[in-house]
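Q: Quick one, what's the 3D model for this:
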Amino acid sequence: MPARYFLATSPVAVSELLGVAEIGADAATIGPRYNIAPGQRVPVVRGVEGLRGDDTRNDDRIALGSSPARPLARTPAYMSLARWGLIPGWSASDDIGVTVSCLSLESIGQRPAGRDAFARRRCLVPADGFFEWKATGHGRRQPMCVRVRSGVAAGPVPFAMAGVWDRWYPRGEDQPGPVVETFAIITVPANEALREFAERMPMILRPEEYAAWLALSEASGDGARAPGRPCDPDLLEVYPVSAMVSSPRNDSPRCIEPWDEAAFGPLSFS
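A: Reported below is the predicted structural model:
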(Lines give C-alpha, C1' and ligand atoms only; values in the text may rest on other atoms or scores of the structure.)
Protein backbone atom coordinates (compact mmCIF):
# COMPACT_ATOMS: atom_id res chain seq x y z
CA MET A 1 0.00 0.00 0.00
CA PRO A 2 1.25 3.53 -0.63
CA ALA A 3 3.08 5.14 2.27
CA ARG A 4 3.72 8.26 0.18
CA TYR A 5 2.41 9.86 -2.98
CA PHE A 6 2.86 13.12 -4.85
CA LEU A 7 0.81 15.79 -6.58
CA ALA A 8 2.93 18.15 -8.66
CA THR A 9 0.08 19.35 -10.90
CA SER A 10 -1.65 22.41 -9.44
CA PRO A 11 -4.98 21.72 -7.68
CA VAL A 12 -6.72 24.24 -9.95
CA ALA A 13 -5.45 22.43 -13.06
CA VAL A 14 -6.53 19.06 -11.62
CA SER A 15 -9.97 20.46 -10.75
CA GLU A 16 -10.44 21.75 -14.28
CA LEU A 17 -9.24 18.44 -15.71
CA LEU A 18 -11.77 16.50 -13.62
CA GLY A 19 -14.59 18.97 -14.14
CA VAL A 20 -14.87 19.99 -10.48
CA ALA A 21 -17.26 22.92 -10.02
CA GLU A 22 -15.66 24.53 -6.95
CA ILE A 23 -12.32 24.63 -5.17
CA GLY A 24 -11.58 25.96 -1.70
CA ALA A 25 -9.20 28.91 -1.53
CA ASP A 26 -6.92 26.92 0.78
CA ALA A 27 -6.62 24.10 -1.76
CA ALA A 28 -6.20 26.49 -4.70
CA THR A 29 -3.05 27.97 -3.19
CA ILE A 30 -1.28 24.69 -2.40
CA GLY A 31 1.99 24.37 -4.30
CA PRO A 32 3.52 21.20 -5.80
CA ARG A 33 3.96 18.37 -3.30
CA TYR A 34 6.53 15.71 -4.13
CA ASN A 35 6.50 13.57 -0.99
CA ILE A 36 3.09 13.56 0.71
CA ALA A 37 3.02 11.61 3.98
CA PRO A 38 0.23 10.67 6.42
CA GLY A 39 -0.71 13.51 8.74
CA GLN A 40 -0.42 16.19 6.05
CA ARG A 41 -3.31 18.24 4.63
CA VAL A 42 -3.73 17.79 0.89
CA PRO A 43 -6.45 18.26 -1.77
CA VAL A 44 -9.30 15.77 -2.12
CA VAL A 45 -12.48 15.90 -4.22
CA ARG A 46 -15.86 15.26 -2.64
CA GLY A 47 -19.38 15.15 -3.97
CA VAL A 48 -21.66 17.84 -2.63
CA GLU A 49 -24.49 15.31 -2.32
CA GLY A 50 -22.31 13.19 -0.04
CA LEU A 51 -22.29 15.92 2.59
CA ARG A 52 -25.83 14.99 3.62
CA GLY A 53 -26.69 18.37 5.09
CA ASP A 54 -23.49 18.92 7.10
CA ASP A 55 -21.76 21.17 4.60
CA THR A 56 -18.97 23.12 6.33
CA ARG A 57 -17.38 24.61 3.24
CA ASN A 58 -16.42 28.21 3.89
CA ASP A 59 -17.25 31.18 1.70
CA ASP A 60 -13.71 31.33 0.31
CA ARG A 61 -14.45 28.71 -2.33
CA ILE A 62 -13.82 29.56 -5.97
CA ALA A 63 -16.20 28.65 -8.80
CA LEU A 64 -14.56 27.01 -11.81
CA GLY A 65 -15.71 26.64 -15.39
CA SER A 66 -16.14 23.10 -16.65
CA SER A 67 -16.30 21.51 -20.08
CA PRO A 68 -19.27 19.14 -20.57
CA ALA A 69 -16.76 16.49 -21.61
CA ARG A 70 -15.02 16.40 -18.21
CA PRO A 71 -15.68 13.35 -15.97
CA LEU A 72 -17.43 15.31 -13.19
CA ALA A 73 -19.12 17.95 -15.35
CA ARG A 74 -22.56 16.65 -14.35
CA THR A 75 -21.68 15.78 -10.76
CA PRO A 76 -21.74 18.55 -8.12
CA ALA A 77 -18.27 18.25 -6.58
CA TYR A 78 -15.68 20.43 -4.95
CA MET A 79 -12.01 20.25 -3.98
CA SER A 80 -10.74 21.16 -0.52
CA LEU A 81 -8.03 20.14 1.92
CA ALA A 82 -8.24 17.16 4.27
CA ARG A 83 -5.68 15.44 6.47
CA TRP A 84 -4.35 12.09 5.33
CA GLY A 85 -5.16 9.50 7.99
CA LEU A 86 -8.82 8.71 8.68
CA ILE A 87 -10.24 9.65 12.08
CA PRO A 88 -13.76 8.23 12.44
CA GLY A 89 -16.32 10.67 13.77
CA TRP A 90 -16.90 8.47 16.81
CA SER A 91 -13.23 8.34 17.85
CA ALA A 92 -12.30 9.79 21.23
CA SER A 93 -8.79 10.63 20.02
CA ASP A 94 -7.01 11.54 16.81
CA ASP A 95 -4.33 8.91 17.44
CA ILE A 96 -6.12 6.42 15.20
CA GLY A 97 -5.47 8.63 12.16
CA VAL A 98 -1.79 7.75 12.32
CA THR A 99 -2.53 4.12 11.48
CA VAL A 100 -5.52 4.46 9.13
CA SER A 101 -3.93 6.01 6.06
CA CYS A 102 -5.15 3.16 3.82
CA LEU A 103 -8.09 0.76 3.98
CA SER A 104 -8.62 -2.50 2.09
CA LEU A 105 -11.59 -2.48 -0.28
CA GLU A 106 -12.31 -6.10 0.58
CA SER A 107 -12.71 -5.48 4.32
CA ILE A 108 -13.63 -1.82 4.74
CA GLY A 109 -17.33 -2.64 5.03
CA GLN A 110 -16.59 -4.72 8.14
CA ARG A 111 -14.06 -2.38 9.78
CA PRO A 112 -15.43 0.09 12.34
CA ALA A 113 -12.80 2.65 11.29
CA GLY A 114 -14.08 2.90 7.74
CA ARG A 115 -17.51 1.30 7.53
CA ASP A 116 -19.56 4.48 7.88
CA ALA A 117 -17.28 6.53 5.64
CA PHE A 118 -17.41 3.87 2.94
CA ALA A 119 -21.20 3.88 3.02
CA ARG A 120 -21.72 7.65 3.10
CA ARG A 121 -18.54 9.65 2.48
CA ARG A 122 -16.38 8.76 -0.48
CA CYS A 123 -13.82 10.98 -2.14
CA LEU A 124 -11.26 11.15 -4.93
CA VAL A 125 -7.60 11.62 -4.03
CA PRO A 126 -5.78 13.34 -6.92
CA ALA A 127 -2.18 12.30 -7.54
CA ASP A 128 0.56 12.34 -10.12
CA GLY A 129 2.12 9.18 -8.72
CA PHE A 130 2.90 7.17 -5.60
CA PHE A 131 5.84 5.38 -4.04
CA GLU A 132 6.45 1.78 -3.06
CA TRP A 133 9.57 0.19 -1.59
CA LYS A 134 11.18 -2.85 -3.21
CA ALA A 135 13.10 -5.31 -1.05
CA THR A 136 16.60 -5.85 -2.46
CA GLY A 137 18.06 -8.24 0.11
CA HIS A 138 19.91 -7.85 3.42
CA GLY A 139 17.01 -5.86 4.84
CA ARG A 140 17.38 -3.08 2.30
CA ARG A 141 14.61 -1.49 0.25
CA GLN A 142 14.75 0.55 -2.94
CA PRO A 143 12.08 3.26 -3.35
CA MET A 144 10.12 2.96 -6.58
CA CYS A 145 8.00 5.66 -8.20
CA VAL A 146 4.75 4.60 -9.88
CA ARG A 147 2.99 6.83 -12.40
CA VAL A 148 -0.05 6.36 -14.66
CA ARG A 149 -0.16 6.86 -18.42
CA SER A 150 -3.32 7.84 -20.27
CA GLY A 151 -2.47 5.21 -22.89
CA VAL A 152 0.19 2.56 -23.40
CA ALA A 153 2.27 4.92 -25.56
CA ALA A 154 1.37 8.14 -23.72
CA GLY A 155 3.23 9.97 -20.97
CA PRO A 156 2.24 10.20 -17.28
CA VAL A 157 -0.94 12.07 -16.37
CA PRO A 158 -2.69 13.03 -13.11
CA PHE A 159 -5.14 10.42 -11.86
CA ALA A 160 -7.53 9.83 -8.98
CA MET A 161 -7.33 7.21 -6.25
CA ALA A 162 -10.49 6.04 -4.52
CA GLY A 163 -10.81 7.32 -0.98
CA VAL A 164 -13.16 7.78 1.95
CA TRP A 165 -13.36 10.71 4.33
CA ASP A 166 -14.85 11.64 7.67
CA ARG A 167 -15.30 14.60 9.97
CA TRP A 168 -13.99 14.54 13.56
CA TYR A 169 -14.97 16.95 16.33
CA PRO A 170 -12.20 17.10 18.98
CA ARG A 171 -14.65 18.39 21.62
CA GLY A 172 -17.62 16.30 20.55
CA GLU A 173 -20.08 16.80 17.72
CA ASP A 174 -22.47 18.84 19.88
CA GLN A 175 -19.74 21.19 21.15
CA PRO A 176 -18.29 24.27 19.44
CA GLY A 177 -14.71 24.01 18.33
CA PRO A 178 -12.51 23.06 15.41
CA VAL A 179 -13.53 20.39 12.93
CA VAL A 180 -10.92 18.04 11.48
CA GLU A 181 -11.64 16.49 8.08
CA THR A 182 -9.57 13.43 7.26
CA PHE A 183 -9.36 10.73 4.59
CA ALA A 184 -7.92 7.32 3.78
CA ILE A 185 -6.94 5.77 0.45
CA ILE A 186 -8.67 2.57 -0.66
CA THR A 187 -6.35 -0.27 -1.67
CA VAL A 188 -6.75 -3.42 -3.78
CA PRO A 189 -4.42 -6.36 -4.52
CA ALA A 190 -1.37 -5.29 -6.53
CA ASN A 191 -1.37 -5.96 -10.26
CA GLU A 192 1.38 -7.63 -12.29
CA ALA A 193 3.40 -4.42 -12.60
CA LEU A 194 3.82 -4.10 -8.82
CA ARG A 195 3.33 -7.61 -7.46
CA GLU A 196 7.08 -8.26 -7.31
CA PHE A 197 7.50 -5.77 -4.48
CA ALA A 198 4.01 -4.81 -3.24
CA GLU A 199 1.06 -6.85 -1.99
CA ARG A 200 -1.40 -4.00 -2.41
CA MET A 201 -1.80 -0.79 -4.40
CA PRO A 202 -4.18 2.19 -4.47
CA MET A 203 -7.53 1.65 -6.16
CA ILE A 204 -6.93 3.79 -9.26
CA LEU A 205 -10.21 4.82 -10.81
CA ARG A 206 -10.85 5.36 -14.50
CA PRO A 207 -12.30 8.79 -15.40
CA GLU A 208 -15.66 7.23 -16.24
CA GLU A 209 -15.80 5.80 -12.69
CA TYR A 210 -15.26 9.08 -10.83
CA ALA A 211 -18.89 10.17 -10.70
CA ALA A 212 -20.13 6.71 -9.71
CA TRP A 213 -17.65 6.52 -6.84
CA LEU A 214 -18.68 9.91 -5.49
CA ALA A 215 -22.34 8.96 -5.90
CA LEU A 216 -21.74 6.09 -3.46
CA SER A 217 -22.36 3.45 -6.11
CA GLU A 218 -20.36 0.98 -8.12
CA ALA A 219 -19.74 1.50 -11.83
CA SER A 220 -22.06 -0.51 -14.03
CA GLY A 221 -22.61 -1.19 -17.69
CA ASP A 222 -20.70 -2.89 -20.44
CA GLY A 223 -16.98 -3.10 -19.80
CA ALA A 224 -17.23 -1.80 -16.24
CA ARG A 225 -14.35 -2.89 -14.04
CA ALA A 226 -15.23 -5.40 -11.37
CA PRO A 227 -15.02 -3.86 -7.88
CA GLY A 228 -11.55 -4.32 -6.44
CA ARG A 229 -9.88 -5.18 -9.70
CA PRO A 230 -6.54 -3.33 -10.06
CA CYS A 231 -5.89 -1.06 -13.02
CA ASP A 232 -4.30 -2.22 -16.28
CA PRO A 233 -0.60 -2.92 -15.52
CA ASP A 234 0.38 -1.73 -19.00
CA LEU A 235 -0.67 1.79 -18.03
CA LEU A 236 1.78 1.99 -15.12
CA GLU A 237 5.26 3.45 -15.39
CA VAL A 238 7.58 2.19 -12.64
CA TYR A 239 11.15 3.34 -12.01
CA PRO A 240 13.63 3.61 -9.09
CA VAL A 241 14.18 6.92 -7.34
CA SER A 242 16.58 8.25 -4.72
CA ALA A 243 16.26 7.16 -1.10
CA MET A 244 15.68 10.81 -0.20
CA VAL A 245 11.95 10.11 -0.60
CA SER A 246 12.16 7.86 2.47
CA SER A 247 12.20 10.97 4.67
CA PRO A 248 9.04 13.15 4.64
CA ARG A 249 11.28 16.13 5.33
CA ASN A 250 12.40 15.95 1.71
CA ASP A 251 9.84 17.52 -0.61
CA SER A 252 11.38 18.59 -3.91
CA PRO A 253 11.30 17.52 -7.59
CA ARG A 254 14.35 15.36 -6.92
CA CYS A 255 12.08 12.93 -5.05
CA ILE A 256 10.45 11.86 -8.33
CA GLU A 257 13.47 11.99 -10.63
CA PRO A 258 14.60 8.59 -11.96
CA TRP A 259 17.60 7.44 -9.98
CA ASP A 260 20.85 8.26 -11.73
CA GLU A 261 24.25 7.58 -10.18
CA ALA A 262 25.77 10.70 -11.73
CA ALA A 263 23.10 12.89 -10.11
CA PHE A 264 22.53 11.11 -6.80
CA GLY A 265 25.74 9.17 -6.22
CA PRO A 266 25.92 5.43 -5.47
CA LEU A 267 22.58 3.71 -4.97
CA SER A 268 21.46 4.03 -1.34
CA PHE A 269 18.66 2.25 0.47
CA SER A 270 16.26 2.96 3.28
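Q: Just the buried positions in stretch 233-250, please.
A: Within stretch 233-250, the residues scored as buried using 16 or more other CB atoms under 10 Å are Leu235, Leu236, Val238, Val241, Ser242, Ala243, Met244, Val245, Ser246. C-beta: built from backbone N, CA, C; applies to glycine.
Q: so who does Pro178 touch?
A: Pro170 (CB atoms under 8 Å, 6 or more residues apart in numbering).
Q: pLDDT score assigned to it?
A: At Pro178, the model reports a pLDDT of 80.
Q: where in the stretch 101-250 of the chain is pLDDT low?
A: Along the stretch 101-250 of the chain, segments meeting pLDDT under 70 span 152-153, 171-177, 217-228.
Q: in it, which spans are helices?
A: Ranges of helices in the stretch 101-250 of the chain, per DSSP state H, counting those that start in this stretch, are 115-120, 210-214.
Q: wait, which of the ones you listed is closest to Ile87?
A: Across those, Ile87 has its closest neighbour in helix 115-120 (10.1 Å, CB to CB).
Q: neighbours around Gly163, how many?
A: 28 (other CB atoms under 10 Å).
Q: which non-adjacent residue is nearest Val241?
A: Distances taken as CB to CB, 6 or more residues apart in numbering put Cys145 closest to Val241, at 4.7 Å, once the chain neighbours are dropped.
Q: Check the gap between Leu214 and Ala63 for me.
A: 18 Å (CB to CB, to the nearest Å).
Q: nope, Pro202 is what I was after
A: As judged by CB to CB, Pro202 and Ala63 stand 29 Å apart.
Q: go on, Leu124?
A: Taking CB to CB, one finds Leu124 at 19 Å from Ala63.
Q: Check Asp232 too.
A: Distance, Asp232 to Ala63, by CB to CB: 35 Å.
Q: just Arg4 next, same as before
A: From Arg4 to Ala63 the distance is 32 Å (CB to CB).
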